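**Student:** I'll drop the sequence and a predicted model, then ask my questions.
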Amino acid sequence: MQEMYYYWLHNISGIGRVTIQKILKYTTPEELYKSEMEKKLQFLTRKQVEEIVKSRKHWNLQKEWEILKKRNINLLMIGNQNYPEKLAKISDAPPVLYHKGKINILEKPSVAVIGARACSNYGKLMAKELGRELAKMGIVTVSGMARGIDSICQWTSLENGGESVGVLGCGVEVCYPPENRILFERLQKEGCLLSENAPFTKPDARLFPLRNRLISGLADVVVVVEAREKSGTLITVDMALEQGKEVYAMPGRITDPVSRGCNKLIKQGAGLILSPREFIEEICPMLQRKYQKMG
């Protein structure tokens, strides 16, 4: 079972995403585990080689894999059939993904809804309307399960019978922020939790910008509901544009700091949303055509 070896490689101290990508160009994790091939990989540092040797001695493949399965955590390997096609197309696709919940929804029409954590009442209302309308049309919401716009839209989608993907900046066994515990539990049952980090990885500020490329990568369209001029939300927008995704924004009052990012995006050419329902009706034909071609 290849997954066990990928899981082993992904949990070696000092062996990160970039190094794994390099290793996969020369060998498989199984071959590395069985053949001591690390001695031939000249790009590895001495410390990395030592960590691989140490891990090979102490990591119990079968036991660790059984722990993963008992927690209903699944592992996706790049290049395999079940790896999300949308993510496989981005320039920096994760070699390993962990997920809990329904994997099939990652291949459905989807919209990423992102925005301010400290959102206004107007932003909350718009996030709820978007979540409701997306659910009605069977479009999956993708977001980061963060406070504010993200979680409001995801929660509303689930409440209206929709499906949602929570892309995490920690491991799939860690609920962050902790007040979203109920949403975290519901996404495992009614949607999907996804992360490129090992399952018990704690939240870390450096992981969230990396997470954002997965949010935009999984979405067909990205929608911004309230954002300051300098925010993590706009990092996701930049990544979406690099990936060739359509970006839409909801306008706000020019006196509201939390709306300045959206207003600026619209000025720069982002799609303008004047009504969540009209927006959904506009993008549905586009998504239908796209998925008919894919089918």
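**Tutor:** Ah, there it is.

**Student:** Let me see the confidence value for the residue nearest the centre of the chain.
**Tutor:** Most central in the chain under Cα atoms, centre = their mean is V167, positioned 3.4 Å from the mean C-alpha point. Among the per-residue scores, V167 shows a pLDDT of 98.

**Student:** who touches it in this structure?
**Tutor:** Going by Cβ atoms under 8 Å, 6 or more residues apart in numbering, V167 touches V142, S143, G144, M145, L194, S195, R211, L214, I215, L218. Any C-beta I mention is one placed from the backbone N, CA and C, and that applies to glycine too.

**Student:** now T156
**Tutor:** Neighbouring residues of T156 by Cβ under 8 Å, 6+ apart: A127, K128, L130, G131, R132, A135.

**Student:** helix/strand/coil for it?
**Tutor:** For T156, the secondary structure call by DSSP: H, G, I helix; E, B strand; the rest coil comes out as helix.

**Student:** T236 too?
**Tutor:** Going by three-state DSSP: T236 is helix.

**Student:** For A240, what are phi and psi?
**Tutor:** When read as degrees, to the nearest 10, the backbone of A240 gives phi -60, psi -40.

**Student:** Check the gap between it and K100 for me.
**Tutor:** A240 sits 25 Å away from K100, going by Cβ to Cβ, to the nearest Å.

**Student:** same question, Q154
**Tutor:** For Q154, the distance to K100 - Cβ to Cβ - is 15 Å.

**Student:** between the two, which one's more packed in?
**Tutor:** Taking other Cβ atoms under 10 Å, Q154 and K100 do not tie; Q154 has more neighbours (29 against 22).

**Student:** Following element in sequence after the host helix or strand of M4, please.
**Tutor:** Using DSSP states H and E, M4 maps to helix 2-10. Downstream of helix 2-10, the first helix or strand assigned by DSSP H and E is helix 17-24.

**Student:** List the contacts of that following helix.
**Tutor:** Residues outside helix 17-24 that contact it (Cβ under 8 Å, 6+ apart): 9-10, 15, 29, 32, 41, 43-44, 48, 78, 94-96, 196.

**Student:** Kindly report the same for stretch 74-92.
**Tutor:** Contacts for stretch 74-92 (Cβ under 8 Å, 6+ apart): 2-3, 6-7, 24, 68, 93-100, 103, 106-107, 213-214, 217-220, 242-243.

**Student:** Next, the buried residues of it.
**Tutor:** The neighbour-count check on stretch 74-92 (16 or more other Cβ atoms under 10 Å) flags N74, L75, L76, M77, I78, Y83, P84, K86, L87, I90 as buried.
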